[in-house]
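Q: 3D, please:
(5 chains, ligands or ions: 4)
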Amino acid sequence: STGPAVPSTRSTAALSGSITVFAAASLTGTFTVLATKFEAKHRGTTVELSFAGSADLVTQITNGAPADVFASADTKNMTKLTDANLVEGKPVNFATNVLEIAVPPGNPASIATFADLAKPGVRTVVCAPQVPCGSATIAVEQASGVSLAPVSEESAVTDVLGKVSSGEADAGLVYVTDIKAAGSKVTGITFPESSAAVNTYPIATLTGSANVALAKAFIDYVTGAIGQEEFAAAGFGKP
Amino acid sequence: MSLAIQARVAERGFDVSLEVAEGETLAILGPNGAGKSTLLDIVAGLLRPDAGRGEWAGTPLFDIGGRHSLWLPPHRRGISLLAQEPLLFPHLSALDNVAFGPRSAGHSKDAARATARTWLAEVEAADLESSRPGTLSGGQAQRVAVARALAASPKLLLLDEPLSALDVTVASTLRRMLRRVLATRTAIVVTHEVLDALTFADRVVVMNGGAIIEQGPTREVLERPRHPFTAELAGLNLLTGTGSAAGLVTSGGLTIVGESVGAGVKAAAAVRPSAIAVHAVPPDADNVVRVTVSDLEPRGDSIRVRTESSAAGGSLHADVSPGRAAALDLAPGAELYFAFAASEVSIYPR
Amino acid sequence: MSLAIQARVAERGFDVSLEVAEGETLAILGPNGAGKSTLLDIVAGLLRPDAGRGEWAGTPLFDIGGRHSLWLPPHRRGISLLAQEPLLFPHLSALDNVAFGPRSAGHSKDAARATARTWLAEVEAADLESSRPGTLSGGQAQRVAVARALAASPKLLLLDEPLSALDVTVASTLRRMLRRVLATRTAIVVTHEVLDALTFADRVVVMNGGAIIEQGPTREVLERPRHPFTAELAGLNLLTGTGSAAGLVTSGGLTIVGESVGAGVKAAAAVRPSAIAVHAVPPDADNVVRVTVSDLEPRGDSIRVRTESSAAGGSLHADVSPGRAAALDLAPGAELYFAFAASEVSIYPR
Amino acid sequence: MDIRRSSTIPRWVIVVAVVGAVFVLFPLVAMTTRVDWPNFLVLITSPSSVAALLLSLRTSLAATAACVVLGVPLALMLARTEFRGQRLVRALVLLPLVLPPVIGGIALLAAFGRRGLLGQTFDFFGVTIAFSTTAVVIAQTFVALPFLVLSLESSLRLAGTRYEAVAATLGARPTTVLRRITLPLIFPALLSGAVLSFARALGEFGATLTFAGSLQGVTRTLPLEIYLQRETDPDAAVALSLVLVLVAVLVVGLTLRTSTVPSLVRRGTS
Amino acid sequence: MDIRRSSTIPRWVIVVAVVGAVFVLFPLVAMTTRVDWPNFLVLITSPSSVAALLLSLRTSLAATAACVVLGVPLALMLARTEFRGQRLVRALVLLPLVLPPVIGGIALLAAFGRRGLLGQTFDFFGVTIAFSTTAVVIAQTFVALPFLVLSLESSLRLAGTRYEAVAATLGARPTTVLRRITLPLIFPALLSGAVLSFARALGEFGATLTFAGSLQGVTRTLPLEIYLQRETDPDAAVALSLVLVLVAVLVVGLTLRTSTVPSLVRRGTS
Ligand SMILES: Nc1ncnc2c1ncn2[C@@H]1O[C@H](COP(=O)(O)OP(=O)(O)OP(=O)(O)O)[C@@H](O)[C@H]1O
Ligand SMILES: Nc1ncnc2c1ncn2[C@@H]1O[C@H](COP(=O)(O)OP(=O)(O)OP(=O)(O)O)[C@@H](O)[C@H]1O
Ligand SMILES: [Mg+2]
Ligand SMILES: [Mg+2]
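A: Ligands and ions are numbered 1, 2, ... in the order given. You can find the predicted model right below:
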C-alpha cells in the first residue's frame, strides 16, 4: 500500500525497493497505519502487507512464500520458524497483550469478576487451548483456581468476539486489544488474574529476504518510538 | 357418459368440435399433421387449448376462455391415452408398466399384476413380462404399451395408432382383440389403416388441417368419400363436380354418366380402380376419360397405373395385370383412356 | 461393393449370415422381435456382435471372435441408418437435421442446406424446414427422418420401417420415391408391408427368432411361402405336408389335390382366400376341408372368415360377401366346409 | 449390449480428461507426502479426533437428509412450475454457495441466533440453537442445499415431463407420479446430488465455526478439529485431512455406481 | 404449448419447497439487518475493496474457463467410457469438495509449491506459481472443478447416447458429434455447472489463503478481503459480503434462464 505523499525531510537515500510483511491478523489495524507512515518517511519504499492467522502465515513461509518480515501473535509460531532456520538473527519482541473479559453491551449476565464466568447459566466462550489466547486462558484458570465450562472453544479471537458481540454468548475471554478494536460492540471487564498469562508478539527478518536492509529498517520502526506509541494506542502492553 | 369437446389451439391452426356417444368407437383418420394427436392430447388433458370447453360423462373437463377457467387434471379424468410413441416407463419391467394403471387405481400389487398378466397375454406379450423396455423390439414395446393403456380400464380410451409397428400376425390378432374390447367401451382411435376403421369403429371422423372435414358411419364415409384424402384412403377414384341429368359434370367439363342426384347439386362420383378398364385407343363405354400416366406401381398380382387428367380435374388410378401392362406398353407420360360402366360409378351429393 | 455379414448375438438368440449384392435392395420381413433391427444395428456399427465378421465393398466392417478383433466405428462405414424411431436431433430445425449428413461429409453450410431442401421436398415436408422436431407430428417427424437418412447419400442405406406412421397419400408418394432412389443403391429395408417389398425390393429375407427362415426373389417368396408367417404376410392360406401323386398330404391326413411335386417330398400348398368357396354342407369340389369358425372380421366389401381345421393342421381363412355370410349364419364355433379347385392351389417343394 | 461408448468420443478428449484428472489427483497424492506416517495411527485415534469424526459423520448424514427433504421439493418447484420471480429464487437459492463460509455463519446468526430475527421466538419455546449440535446441522444444511437443488433441477428438466404425463393419463395422482415415476427416473441424479451435499456438509467449516462454535463432541466437527490441530501440529492436521478424504472416497465410491445407460436405438427408453 | 406443469406436482411439494426456500433466503434477509447501511457505499468503494472485487471477478472467470476446459472432457470420460477403476477416479475427483479448504491449500502447496513435488521442475523453468495470481486461479479451479464434472456427468448419462449414435451413422466424426450433438444437447447442464463452478470459485477462501497468500491486488480476493475486514471491522465484512452476494445473483440470474422444456408426447424429442 502506497501512502499519501507526505513531504519528508529525513528520507534516507540508502533505503529503496519493497518488502513483504507477513503479520498476524490481530495486527491488521496497527501495521496498516505503521506501514503507511514508514513509506511516507522513506519515500520510494513499499511495504506490502499480508495478514492471516499466525499459523497460516507459518505454513505459507515454510512453503516458500516470498516474505521479508514476519510478525507473530505468539512466540510459539515464531519458534516454528526459528527451528526451521527461516529466521535471520533473533526475533525481537515488540508488544504484549493480556486477557480481558468481553461482554455484550449492557452486560446481560452481570459479569463482574473472573469467577463469575464459571457461574451456572453463564454462557462463556473461550479460545481453544491450541491457540495463544486459549493457552493464556488455561494459565489464568490454573492460577486462579477457577475452572470454566465454556460452551465453545473457538480457534480464533475474532470468533470469540463474534459470539459475544452478537449476544450469542454472555461472556468471552479475549485480549485487551481485541476489545479495544471492537469499539462499542462489546464491553471490556479487566480482571487481576489476567497477569498470570502475558502474551508476547515477536517480529523477525526472514532468511529468504531479498531486501534485508529495508526489512531491518521496518523492524526498527516497529520496535521504535512511533511503533510503540501506535501499539499503546491500540491497547498493547510494552514488551 | 358421452363426450363433447370444442377446442381451439391457435398455434397449430386447430379448431374442432366433436361429440362421441356412450359406448361408441370413433375412428379418426387424416393426413399427417391434421391434428389427430392434438385432439387426443386435449381430451386426455395433456394439452390446454386456447379456448373451448369439454365435457365427459356429465363432468366438465375444461372450460377455457370464459369468465371462470376450468381445467381438470389428467389423472382425474378417467381417460387413458395410448400415445403415438410407446413411452414405456424405462425403470419398470413390462409387467409393472402394465400394472401401473391398476396400481394407481388403488388395487393391491398382486391384483394389479394379475390384471397386467391378463392384458399382456391379450397382446401376445406374456413372455415379455420381466423384460425392461430398453430390451424390447419396436413392436414388442408397442404391444406392451397397448396392454398398459387397456389395463387402466378407463371409461374413455384414446388410442393413437395402436397397431403401428406390429407385424401382420399380431396386428390382426390385436385388431380382433380391440374389436372385442372396444365393443363395450367409449373410445377414440387414430389410425391410418382403413381396415382398423372397418374392424372396430362405429363412426369415422376425417380431419385435415386442424379441422374435421368429413364424418359419419364408417361404411358410408368410406364408400362415398367427399374429400380426395378420404377417397385415397378408401382406395377409390374420386371425381367432384356438379350434378346433371346424366350424372355429374366435373369442373374440367367432363360428364360422368351415372345415376343423377339432381342438376346443380354439388356432387361427387366414386369409382373403384379395379372397375376401370385401360385402353390405348378410346373404347366404347359409358364413361371414357383421357389420362396421362404419371407413375406405375407394382402391387403383387397387378400394377397400379397412376394418371393425371385435366378433364377429371385431378389424378385417377386403375389396376391392370402385368400382361395387360406389357401389351399397352405403359410408361410415365403415355396417353391412355380409362373406361368404366355407369353401373360402376357411385354418384352422391357432397 | 457388396455386403457380407455373419454375426451372432447370444443374448438375443441372434445368428444370421447374409449377403447383399451391389445395387440390390433387400427387404427384411418378419414378426416382432425377429431380430430385424438387431441386424441393421450390427451392419451400421451400433451393436457389436459376440462373434462374426462383416465386409462391405471390400472393406472389413468387423471381425470378432478371431485372434485380432476388428471394429470399424459407425462414422467410417459410409452406411446410413434410419432407425425405427425418428430420433431427430431436438436442438436442430428440420432443415438442419437433414443437412447434418451432408455437413458431416464436409459440404459447406449452404450446399448442405440446398441438398437438405431437395430431400425435404422429396418427402413432402418442404414447409416444415424451420420447424423444431418437438413441434412436428408423428408422421411429419418420420418424413424428416427419412429425408435425413437419404440426404447422407450413403453407399449402403439401412431403413427400419421407413413408411410407418405415414398417412396413405404420403406413404404411396414415398413408396414411389424410394423405388426410384433405391433402384441405384444398395439398401436393406425392414418392413411389415408386403406392398413395400413388392414396390422396391429385389429380394426378400424373412426372419424369425433371430434367424433367416426364408429368402429369395420377392415374388417367388410371397407366392410360394414356406413358412406360416410368410403366408400370412402374403395373405395366403398355407398347408404343409408331404408330396403325393395327387398333390400333397397334410400331417393331419388331408389330401390336397393339385399338381404333384413328387411323392415323399416335403411340400407346401398355397391357396388364395378369395379362391375359397364357403359352404354349410360338403360341396362337390376338388378340395373340401371341414373347418370350425374361430373369428369373423369385416373387411370393407367382404368378411374374412377365420377358421381352424385339424385335418389341414392349422388355421385357414376365406373371404365371403356380407350377403353370403348372413345366408350361412356365420358365427364363431360354426362348422363349415371350405372348397377350392385344384387349379387354384399352388403346390411346391419346401 | 450397446455401442462401445468409447468409440463415440474423440481421442483428444481423453487426453484432456487425463490432464484434468491429474490436476485434481496430483495435489492429493502430494499431500500424502506431508503425512507423518509413523505417528499416523496415534494422531488419528486420539479421543478428540475420533469424537470429531463421529460428530462429523452424524451431522453430515443429518444435513444430507435435511437437504433431500427440502431440496427435492425445491428442485421440483424450480423445474416443474412457472412463476414470477422464479429466476430470482433460483439465483438466491444458489447464494450459500458463494457466501464466504464465515459470512454464511453471520447470516445464520442474524436469522436464528439468540438476538436474531427468529431468536426471540425460539427463546420463547425454550429452544436454544446456538452452540448445539442442531446448529451444526443447520449450518451444514444451509451450505449444502444448493448443490442438491441445482444438480437435481437440471436433471429434472433434461428428463422432461413425458413419462409423468403418461402416468397421469393412467390415473396416477401427482404424489403417485412423483413416487413411482419422477423420483425413480432421476434417482441417479438424486444420488449424486445427495453425495455432493454430503461431501459439502462433511467439509463445512466456516459457517459452523461462526454459527455453532467449537466444543469437542458437541459442535467441533472434523474440519474444525483439523483447523485447530493445525495451530499446534500441522502434521496431525494433514493426517486428519487424510481421514476425511478416506471417508469421502468411501462414501462416494460406495454410492455412486456407474448407472446403467439406456440402450441405443430402442423405443420407449427415451 | 404443453401441459401446465404445475398440475403434475403435488401441492404438498410446493409447501415443503417454500419452507426450503425460506430456510435459505431468510438468513440472507436477516444478514441485511446487520449491514451498516449509512456507511455502506464508503465501505464497499474503498480501494482495497474494489481491488479485491476486480481480482475476484478476473480469477473466478479464469477458473471457470479452466473448469470447462478440463471438466467437460473429464465428465465425458466418466460418462461415456468404461475402464477399470472408474469409480475410484470419480470418487477422487470429488475430493476437493470435501477437503477442508485450508487442507486443500496445503495439498496444492505440496504439489505445486516451491518445496512441492513439482516445485523444482517449475523453479527450473523460472516459474513460481505459489503466491501469485496464477495460484489463486489454480486454487479456485481445484475446488470448483468437481462441481462441473459431477453435474455434467449425470446429465450426460441422462441424455443417453442415442442421438450420438444416429449422428455417427450419418457420417459424423467423434469431434463433430461432440460439437454439434452432445454439447448442444447438454448445454443447459453445462451452463448450470459452469455457474456452480463460478460461484464456488468466487466464494473460495481457505485454499487461496494457504496456497496463494493474501496480497492486495495480486492474491487478495474478495473473500480474503472480507476475512481481513472482519478482524478490524465486522460491519465492513458484512457489507462486502453483500457485494459478493449481489455479484453472484447477477451472474446466476443472467445466465441461468428457464430453459425450454421439450414438449410432451411428441416423437423425436426424447
Ligand atoms: N408442440 C407443438 N408445438 C407447435 N406445433 C405443434 C406441436 N405439436 C404438433 N404441432 C403441429 O400441430 C399440427 C398437428 O399435429 P398433430 O400431432 O396433432 O398431427 P397428427 O394428426 O397427429 O399427425 P400424424 O398423423 O403425423 O401423427 C402439426 O402441424 C404439427 O406440426
Ligand atoms: N438392448 C437389448 N437388450 C437385450 N435384448 C434386446 C435388446 N434389444 C432387443 N432385444 C431383443 O432382441 C430381439 C430382437 O429385437 P429386434 O429389435 O431386432 O426385433 P425386430 O425384428 O426389429 O422387431 P420389431 O418388428 O418389433 O421392430 C427381441 O427379442 C428383443 O426383445
Ligand atoms: Mg399423431
Ligand atoms: Mg425393429
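
Q: C-terminal to the lengthiest strand in chain A, what's the next element?
A: In terms of residue count, the longest strand belonging to chain A (DSSP state E) is strand A:87-103. Read in the C-terminal direction, the helix or strand following strand A:87-103 is strand A:124-127, with elements assigned using DSSP states H and E.

Q: contacts for that following strand next, please.
A: Taking CB atoms under 8 Å, 6 or more residues apart in numbering or on different chains as the criterion, the residues outside strand A:124-127 that touch it are A:117-118, A:133-134, A:136-137, A:148-157, A:160, A:163-164, A:168-174, D:213. No exception for glycine: its C-beta is placed from N, CA and C like everyone else's.

Q: stretch A:189-199: end-to-end distance?
A: 18 Å (CA to CA, to the nearest Å).

Q: tell me which residues in it are buried?
A: Buried residues in stretch A:189-199, counted by 16 or more other CB atoms under 10 Å in any protein chain shown: A:Ile189, A:Phe191, A:Glu193, A:Ser194, A:Ala196, A:Ala197, A:Asn199.

Q: correct me, but the third one touches A:Ser144?
A: Yes - A contact is recorded between A:Glu193 and A:Ser144 when judged using CB atoms under 8 Å, the distance being 4.2 Å.

Q: overlap in contacts of those two?
A: Shared contacts of A:Glu193 and A:Ser144 (CB under 8 Å, 6+ apart): A:Phe114.

Q: domain map for chain B?
A: B:3-223, B:237-349 (automatic domain parsing).

Q: now render the ones you listed as a markdown table, adding mean neighbour count.
A: Conversion of the domains of chain B to a markdown table gives the following (neighbours: other CB atoms under 10 Å in any protein chain shown):
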| stretch | mean neighbour count |
| --- | --- |
| domain B:3-223 | 21 |
| domain B:237-349 | 18 |
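
Q: so which of the ones you listed is nearest D:Val22?
A: Distances from D:Val22 to each of those were compared using CB to CB; the shortest belongs to domain B:3-223, at 35.3 Å.

Q: any idea how far apart the tips of that closest one sit?
A: The straight-line separation of the ends of domain B:3-223 (CA to CA) is 27 Å.

Q: so is it next to chain C?
A: Yes - shown here: domain B:3-223 in contact with chain C (CB under 8 Å from any CB of the partner chain) through B:30-34, B:36-37, B:84-85, B:136-140, B:142-143, B:160-161, B:164-172, B:175-176, B:179, B:192, B:194-195, B:198-199, B:222.

Q: can you tell if that domain touches ligand 1?
A: Yes - judged by CB under 6 Å from any ligand atom, domain B:3-223 comes into contact with ligand 1 through B:Glu11, B:Arg12, B:Gly30, B:Asn32, B:Gly33, B:Ala34, B:Gly35, B:Lys36, B:Ser37, B:Thr38, B:Gln84.

Q: show me which of those residues is closest to ligand 2.
A: Checking the residues of domain B:3-223 next to ligand 1 against ligand 2 with CB to the nearest ligand atom, the nearest one is B:Gln84 at 15.9 Å.

Q: related to what we said a few turns ago, so which of the residues of domain B:3-223 next to chain C are in strands?
A: Under the assignment DSSP E, the residues of domain B:3-223 next to chain C contribute B:Asp160 to strands.

Q: filter the residues of domain B:3-223 next to chain C down to the ones near chain D?
A: The subset of the residues of domain B:3-223 next to chain C within reach of chain D, by CB under 8 Å from any CB, is B:Glu85, B:Leu136, B:Gly138, B:Gln142, B:Ala165.

Q: which pair in the residues you listed has the greatest spatial separation?
A: Among those, the pair separated by the greatest distance (CB to CB) is B:Glu85 and B:Leu136, which sit 13.0 Å apart.

Q: and the residue in chain A that ligand 4 sits nearest to, what is it in contact with?
A: With CB to the ion as the measure, the residue in chain A that lies nearest ligand 4 is A:Asn63; the distance is 63.3 Å. For A:Asn63, the contact set (CB under 8 Å, 6+ apart) comprises E:Leu109, E:Gly113, E:Arg114, E:Arg115, E:Gly116, E:Ala130.

Q: and ligand 3, which of these reach it?
A: Residues shared between the contacts of A:Asn63 and the neighbourhood of ligand 3: none [CB under 5 Å from the ion].

Q: closest one of the residues of domain B:3-223 next to ligand 1 to D:Leu242?
A: Nearest to D:Leu242 among the residues of domain B:3-223 next to ligand 1, with distances taken as CB to CB, is B:Gln84, at 56.6 Å.

Q: appreciated, that's everything.
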